[in-house]
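Colleague: Just to be clear, the model below is a prediction. Sequence and coordinates:
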There are 2 protein chains.
Amino acid sequence: MEKIEKPYVIGLDLGGTNSVFGIVDTRGEIKATTAIKTKAYPDVNDYVEAAANALEPIIESVGGISEIKGMGIGAPNGNYYTGTIESAANLLWKGSVPLAKLFEKRLGIPVAITNDANAAAMGEMAYGVARGMKNFIMITLGTGVGSGIIVNGQLVYGSDGFAGELGHVTIDDSPSARQCGCGRKGCLEAYCSATGITRTAQELLLKDARPSKLRELAPEDISSLEVFNAAKQGDELATEILSYTGTLLGKACANFALFCSPEAFVFFGGPTKAGDFIMEPLRKAYDENILYVYKGQAKLLLSGLNGSDAAVLGASALGWEV
Amino acid sequence: MEKIEKPYVIGLDLGGTNSVFGIVDTRGEIKATTAIKTKAYPDVNDYVEAAANALEPIIESVGGISEIKGMGIGAPNGNYYTGTIESAANLLWKGSVPLAKLFEKRLGIPVAITNDANAAAMGEMAYGVARGMKNFIMITLGTGVGSGIIVNGQLVYGSDGFAGELGHVTIDDSPSARQCGCGRKGCLEAYCSATGITRTAQELLLKDARPSKLRELAPEDISSLEVFNAAKQGDELATEILSYTGTLLGKACANFALFCSPEAFVFFGGPTKAGDFIMEPLRKAYDENILYVYKGQAKLLLSGLNGSDAAVLGASALGWEV
């Protein structure tokens, strides 16, 4: 008699350089992993073949493909509706790449794809701090600011699969607003991403004469981690940089709450390592700016997933929904 | 043999002064209406009794209560999850009023409740310009700015039933931002509601010396309708007031699109009577501010429902979902 239950899913964290695969169980435990170099395969068909070959031994290690319910892929510009990656700037594959279909054909299991921040939201809902929640907003802070929005227990994909780009909400409408990579000005991402924090540091060091350990670094070397390290050592300017970042995020989230009145915001990514240096001003700004009906409603949480595993776990969570 | 299909719903547009009831068919045709004075019943039990008595003849006129699938109520602070009205400022009933349950008991049919803007969104989806759409945002312009958000064909109620308050998104974060009725500053509502348009008119007439028909009115008498009428006659300042309103709305909607990548925005309410005086600058500002991935995606539409019927139709649409 065949077993009906399929206790595992495959998660693929597809980045410009590396592709990391994990086999994950229902509790979010990674049973086996493997990886290939994304950049080594200019032809996506070769990529899928190499991935399948790398996956073979780890699939066997959990009992074979019959034990796998599905596969989830988190990839830049991944579109859930079409199963494609659409013209991702950091990938060699141009145009629209039908990656979900290619993997389905090769592996014989259902495959779904979405972008990194949406995958992160799915991961928090399946295995992390948002377990059991039906309405929350995931905010990922990295090179950019990403978001994944869960409403009624479902990811919000919108009319085209590309919903949830809260990093591009305008938070500064003035002529002096910062230029964003998207071509517009004043986006949240230009202030609260890791690179936004670097810009804040560079600006503040220029206009404020106080001493700071950050002055020992070349301006381009001031990462959010360096700012955090300086703040921990009592550096006033570094503390202010993180406080400014948290305050802007808190105000922005108070506006986001008006959309879907979430149970929680979940924050993930490098800059969140600064912990209370960012989260305390964030909470304060949120409380000061939230509409009265929502007061005290939403929890402001840090991701519950291990940073290095989070992307694979997030992608894998999508594998349960296919 | 009993008929299984129930071809009608009851819609109740519950306002501070009047309560208007309609019996509506699947195509959005109002078959019969009645009304009572909300203010005449300080006790909500008396209100429900009076409503049931008023409804009786029109229910009979369509064949009796067995023909009615359910009832939908659009009311200030109506909460879908709890079926209650929560401390609505314009109603005599204080605290939490279990109106859905009271009507269910009295009429013997399922009853659902939500706020006015959410009901409007349901109405557009059931009978209006959003028929067949699964992702759109309804914006209602009146004394305030309300919103109802549809994601995956469902209203976004959020964790507490009060989601979708886009009128309170901060659009001006500067010290000179306008005070909003909610106690915060710089809300969209303070600029783009009917009262916001009056404030814009008052401000512009003070700081701009050009002649305008609007100067013939007392400042408190400058309604959005007066501004529209002046604009139609070629009044420059009036045209600018409406253009300013549309531009702010367009920019705000470009930010709203980042949440849910809607197929459309649907605008409803008095100020939308100004037509292209508001909609043209709105479309221009939206196109100029929308993130590139969403370019050309969303339609910007005026409500498809007859203004005076829209509230009853919207409420009734909820009756199909109970």
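Modeller: Here it is on my side, so go on. Residues are numbered from 1 along each chain as shown, chains lettered A, B, ... in the order given.
Colleague: Now do the contacts for A:Thr26.
Modeller: Going by Cβ atoms under 8 Å, 6 or more residues apart in numbering or on different chains, A:Thr26 touches A:7, A:320. Where you see a C-beta, it was placed from the backbone N, CA and C, and this is true even at glycine.
Colleague: ugh, typo on my part, it should be A:Glu220
Modeller: A:Thr198.
Colleague: just the helices in chain A please.
Modeller: With DSSP state H, the ranges of helices along chain A come out as A:44-61, A:99-107, A:116-127, A:189-192, A:194-207, A:224-232, A:236-260, A:276-289, A:307-319.
Colleague: Does the second one pack against any helices or strands, and if so which?
Modeller: Taking 3 or more Cβ pairs under 8 Å, 6 or more residues apart in numbering or on different chains; DSSP states H and E as contact, the helices and strands that helix A:99-107 lies on are helix A:44-61, strand A:68-74, strand A:84-86, strand A:111-114.
Colleague: With the shortest one instead?
Modeller: Helix A:189-192 sits against helix A:194-207, helix A:236-260, with contacts defined as 3+ Cβ pairs under 8 Å, 6+ apart.
Colleague: Return the most buried member of these.
Modeller: For the helices and strands packed on helix A:189-192, ranked by mean neighbour count under the definition mean count of other Cβ atoms under 10 Å in any protein chain shown, the leader is helix A:236-260 at a mean of 23.
Colleague: For stretch A:169-179, which outside residues touch it?
Modeller: Residues outside stretch A:169-179 that contact it (Cβ under 8 Å, 6+ apart): A:184-188, A:190-191, A:196, A:199, A:248, A:251-252, A:255-256, B:171-174, B:251, B:254-255, B:258, B:289.
Colleague: if we can go back for a sec, can you add distance to B:Gly319 and give the helices and strands packed on helix A:189-192 back as a markdown table?
Modeller: A markdown table is the format used below for those (distance: least, Cβ to Cβ, whole Å):
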| stretch | distance to B:Gly319 |
| --- | --- |
| helix A:194-207 | 48 |
| helix A:236-260 | 24 |
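Colleague: Could you check which residue of the stretch 1-150 of chain A lies nearest chain B?
Modeller: Residue nearest to chain B within the stretch 1-150 of chain A (Cβ to the nearest Cβ): A:Asn135, separated by 4.5 Å.
Colleague: ok, now how distant is that residue from A:Met279?
Modeller: Distance of A:Asn135 to A:Met279, computed by Cβ to Cβ, to the nearest Å: 21 Å.
Colleague: on that earlier part again, correct me, but the residue of the stretch 1-150 of chain A closest to chain B touches B:Phe162?
Modeller: No - using Cβ atoms under 8 Å, A:Asn135 is not in contact with B:Phe162, being 11.4 Å away.
Colleague: Identify the contacts common to those two.
Modeller: A:Ser261.
Colleague: got any ranges where chain A has weak pLDDT?
Modeller: Applying pLDDT under 70 to chain A flags residues A:1-4.
Colleague: Show me the residue at the heart of it, geometrically.
Modeller: A:Ala117 (3.3 Å; Cα atoms, centre = their mean).
Colleague: Can you tell me the closest non-neighbouring residue to that residue?
Modeller: A:Gly146 (3.0 Å; Cβ to Cβ, 6 or more residues apart in numbering or on different chains).
Colleague: Can you report how many residues lie near that neighbour?
Modeller: Neighbours of A:Gly146 under the rule other Cβ atoms under 10 Å in any protein chain shown: 26.
Colleague: ok, so what distance separates it from B:Met133?
Modeller: From A:Gly146 to B:Met133 the distance is 26 Å (Cβ to Cβ).
Colleague: Run through the residues of the stretch 201-322 of chain A sitting next to chain B.
Modeller: Contact residues (Cβ under 8 Å from any Cβ of the partner chain) of the stretch 201-322 of chain A with chain B: A:251, A:254-256, A:258-263, A:289, A:291-294, A:297-298.
Colleague: Next: the stretch 1-150 of chain A.
Modeller: Proximity of the stretch 1-150 of chain A to chain B, by Cβ under 8 Å from any Cβ, involves residues A:134-135, A:149.
Colleague: Stretch A:27-45 spans what distance, first to last residue?
Modeller: 32 Å (Cα to Cα, to the nearest Å).
Colleague: Mind listing residues that contact that stretch?
Modeller: Applying Cβ under 8 Å, 6+ apart, the set of residues contacting stretch A:27-45 from outside is A:8, A:14-25, A:47, A:50-51, A:54-55, A:57-58, A:61-62, A:91-93, A:97, A:99, A:102, A:123, A:126-128, A:305, A:309, A:312-313.
Colleague: so A:Met71 touches A:Val9, yeah?
Modeller: Yes - counting by Cβ under 8 Å, A:Val9 is a contact partner of A:Met71 at 6.7 Å.
Colleague: Just list the residues touching the closest residue to A:Asn289 other than its chain neighbours, thanks.
Modeller: Distances taken as Cβ to Cβ, 6+ apart put A:Ala254 closest to A:Asn289, at 3.7 Å, once the chain neighbours are dropped. Applying Cβ under 8 Å, 6+ apart to A:Ala254 gives the contacts A:285-286, A:288-291, B:170.
Colleague: now do A:Asp160
Modeller: Contact analysis of A:Asp160 by Cβ under 8 Å, 6+ apart lists A:79, A:81, B:261, B:293-294, B:297.
Colleague: Let's see that with 10 Å instead.
Modeller: Residues in contact with A:Asp160 (Cβ atoms under 10 Å, 6 or more residues apart in numbering or on different chains) are A:79, A:81-82, A:86, B:135, B:261-263, B:293-294, B:297-298.
Colleague: can you check A:Gly11 too?
Modeller: Neighbouring residues of A:Gly11 by Cβ under 10 Å, 6+ apart: A:20-24, A:30, A:33, A:71-74, A:119, A:122-123, A:309, A:311-319.
Colleague: Which members of those are classed as buried?
Modeller: A:20-24, A:30, A:71-74, A:119, A:122-123, A:309, A:311-319 (16 or more other Cβ atoms under 10 Å in any protein chain shown).
Colleague: From A:Asp13, how far off is the residue nearest to A:Asn289?
Modeller: Counting by Cβ to Cβ, the gap from A:Ala254 to A:Asp13 is 31 Å.
Colleague: can you check A:Lys295 too?
Modeller: A:Lys295 is 37 Å from A:Asp13, by Cβ to Cβ.
Colleague: Tell me which of the two has more neighbours.
Modeller: Legend: neighbour count by other Cβ under 10 Å for A:Lys295 and A:Asp13, higher for A:Asp13 (25 against 9).
Colleague: Identify the bridge partners of the more buried one.
Modeller: Applying DSSP bridges to A:Asp13 gives these bridge partners: A:Val20, A:Gly74.
Colleague: ok, and the closest non-adjacent residue to the closest residue to chain B within the stretch 201-322 of chain A?
Modeller: The nearest approach of the stretch 201-322 of chain A to chain B comes at A:Ser261, 2.8 Å away (Cβ to the nearest Cβ). Among residues not flanking A:Ser261 along the chain, B:Gly158 sits closest, at 2.8 Å (Cβ to Cβ, 6+ apart).
Colleague: Have a look at A:Asn135 and A:Met279 and say which one is more surrounded.
Modeller: Between A:Asn135 and A:Met279, A:Asn135 has the larger neighbour count (other Cβ under 10 Å), namely 23 against 19.
Colleague: Phi first, then psi, for that one.
Modeller: Per-residue torsions, A:Asn135: phi -140, psi 100 (degrees, to the nearest 10).
Colleague: can you pull the contacts of it?
Modeller: Contact analysis of A:Asn135 by Cβ under 10 Å, 6+ apart lists A:149-154, A:260-264, A:298, B:156-160, B:163.
Colleague: Narrow the residues you listed to those that are buried.
Modeller: Of the contacts of A:Asn135, these count as buried by 16+ other Cβ under 10 Å: A:149-151, A:260-264, A:298, B:156-160, B:163.
Colleague: Please name the residues that touch the residue of the stretch 51-200 of chain A found nearest chain B.
Modeller: Using Cβ to the nearest Cβ, the closest approach of the stretch 51-200 of chain A to chain B is made by A:Gly158 at 2.8 Å. Applying Cβ under 10 Å, 6+ apart, we find A:Gly158 in contact with A:80-81, A:149, A:164-165, B:134-135, B:151-152, B:257-263, B:294, B:297-298.
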